[in-house]
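[1] Sharing a model prediction with you, sequence too.
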Amino acid sequence: MIREQQAHEKLGIIDLFSGTGGFSLGFEMTGRFRVLGGVELLTSSAATFAANHPNAKIINDDILKISPEIFSGQTGIKEQDVNLVIGGPPCQGFSSIRPFRSLEEDDPRNNLYESFAVYVRHFQPEYFVMENVVGLVTHNNGNTIKQIVASFEEMGYVTDWRVLNAVHYGVPQRRERVVMIGSRISEVIMFPEPTHYFEARSMMARSHEKLILTSPLSEHQLLPAVTVDDAINDLPPLESGESANEYVCSEPRNKFQLLMRENSSTISMHESTRHSAKMLEIIRHSGANIYALPDGMVTSGFSTSYSRLEADEPSVTLTVNFVHPASNKCIHPHQDRALTPREGARLQSFPDTFVFKGNRQQIVKQIGNAVPPLLGKAIAESLLKQWIIT
């Protein structure tokens with residue numbers, strides 16, 4: 001049964017391993033969900049979550065120390081308040097999956113995934129959504145994800161998963177995530193249909209039945225993917241070490257910029273890394289990959305190091321070091337510098353009004369680790385359709 005308050009109130013969410021709260025922000029963008037609370041280990045990320053979810057109760061602590069009873073006691077959130085549990089347990093939580101029936105809330109052997117599962121069992125939400133890295137699919141020869149599904153089914157949840165690419169949902173970035181959904185009120189799990197077309201090369205085998213793709217036939221039926229230029233070309237040009245807080249143009253240039261700039265009159269975090277003279281010389285010679293550099297200019301690095309983003313394509317997957325060209329592909333498509341934190345936030349689909357807390361290094365890491373809000377919104381809209389059908 002759907003809980004009675006759903007007829008006239010927003011659906012309640014708790015966000016575990018919440019990070020900045022980008023995932024839950026996507027759910028709130030639908031206007032049908034409200035974030036009640038969450039748990040986050042990192043202090044700066046918890047502060048960011050709190051700044052953007054002022055009515056939610058965030059616990060800044062290790063979830064292995066916070067049982068659902070402790071969580072309820074500290075936040076006042078009860079079982080009947082929670083319709084949905086979401087979160088992304090860090091991948092080290094999948095090192096040893098045990099039969100769920102053997103788990104206890106205060107068992108010191110519990111790992112991070114199991115803590116997520118304990119919360120689901122305790123609160124009994126109508127749905128849960130768990131997101132994670134694509135590597136989960138092949139972990140332990142695919143047995144880990146099978147065991148996770150089995151553990152939730154043991155709790156009475158119909159459970160399924162897919163690999164979603166954020167670029168297919170209006171995010172200007174090729175970023176694949178495993179998304180697992182469980183329901184105790186529906187026999188069928190639906191995943192969001194792509195809204196944007198891009199023929200992205202997947203990290204997985206293209207024939208995998210759980211990988212959601214757009215086919216060439218969809219090219220003229222879906223919106224074109226949002227490109228790097230679409231996402232950031234209204235932001236002022238900068239030299240190395242410069243900053244700015246005004247938009248280049250008074251009006252947004254496209255729908256994505258209109259969404260990002262809603263209720264915002266100035267820019268924050270548009271600050272370029274101050275590169276050394278040697279790095280600036282490398283940047284000036286940069287191209288699509290490290291092999292575009294003259295021989296001998298650099299002596300080591302990944303193939304994507306010291307490389308420039310393509311203006312007319314979505315970004316590659318953003319990392320936690322996107323302001324440092326030595327470690328990844330993050331050089332501005334037209335300007336001789338790395339991306340700014342604000343440009344990184346745009347490529348993750350964070351609106352310009354979203355407030356980040358912490359020092360610059362912490363903020364860059366928060367952005368690089370986040371779930372894109374527009375991907376969260378697409379999942380939320382798909383869930384809402386299932387609620388209505390049920």
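    That came in fine, so what should we check first? No experiment lies behind these values; they were computed from the predicted model shown.
[2] would residue 136 count as being in a strand?
    No. Going by DSSP: H, G, I helix; E, B strand; the rest coil, the assignment for residue 136 is helix, not a strand.
[3] tell me which strands and helices the one helix or strand residue 70 maps to is in contact with?
    Assigned by DSSP states H and E, residue 70 belongs to helix 68-75. When contacts are defined as 3 or more C-beta pairs under 8 Å, 6 or more residues apart in numbering; DSSP states H and E, helix 68-75 packs onto strand 33-40, strand 57-60, helix 112-123. Where you see a C-beta, it was placed from the backbone N, CA and C, and this is true even at glycine.
[4] Tell me the strands beside whatever helix or strand comes next after that helix, with direction?
    Once helix 68-75 ends, the next helix or strand along the chain (criterion: DSSP H and E) is strand 84-87. Note on strand 84-87: by DSSP bridges, its sheet partners are strand 11-16 (parallel), strand 127-132 (parallel).
[5] chain center to the last one: distance?
    If you compare the mean C-alpha spot of strand 127-132 with that of the full chain, they lie 12 Å apart, counting by C-alpha atoms, centre = their mean, to the nearest Å.
[6] Check for me that residue 240 belongs to a helix.
    No. Secondary structure of residue 240 (three-state DSSP): coil, not part of a helix.
[7] Which elements pack onto the longest helix belonging to the chain?
    Using DSSP state H to assign secondary structure, the helix with the most residues in the chain is helix 373-389. Helices and strands touching helix 373-389, by 3+ C-beta pairs under 8 Å, 6+ apart, are helix 22-28, strand 127-132, strand 158-165, strand 176-183.
[8] Residue 256 is nearest to which of the ones you listed?
    Of all those, it is helix 22-28 that lies closest to residue 256, at 14.8 Å by C-beta to C-beta.
[9] on that earlier part again, return the most buried member of the strands paired with strand 84-87.
    Comparing the strands paired with strand 84-87 by mean neighbour count (mean count of other C-beta atoms under 10 Å), strand 11-16 comes out on top with a mean of 26.
[10] Could you list the low-pLDDT ranges of the stretch 251-390 of the chain?
    Scanning the stretch 251-390 of the chain for pLDDT under 70 picks out 389-390.
[11] what about the strands in it?
    With strands called from DSSP state E, counting those that start in this stretch, the stretch 251-390 of the chain shows them at 307-308, 329-331.
[12] got the contact list for residue 82?
    Taking C-beta atoms under 8 Å, 6 or more residues apart in numbering, we find residue 82 in contact with 12-14, 36, 123, 125.
[13] now the residue nearest to the spatial centre of the chain: how far from residue 349?
    Residue closest to the mean C-alpha point of the chain, counted by C-alpha atoms, centre = their mean, is residue 371 at 0.6 Å. Using C-beta to C-beta, to the nearest Å, residue 371 is found at 10 Å from residue 349.
[14] now the contacts of residue 82 in a markdown table, with distance to residue 292?
    Supplementary listing: these in a markdown table, determined by distance: C-beta to C-beta, whole Å:
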| residue | distance to residue 292 |
| --- | --- |
| 12 | 50 |
| 13 | 45 |
| 14 | 47 |
| 36 | 49 |
| 123 | 52 |
| 125 | 49 |
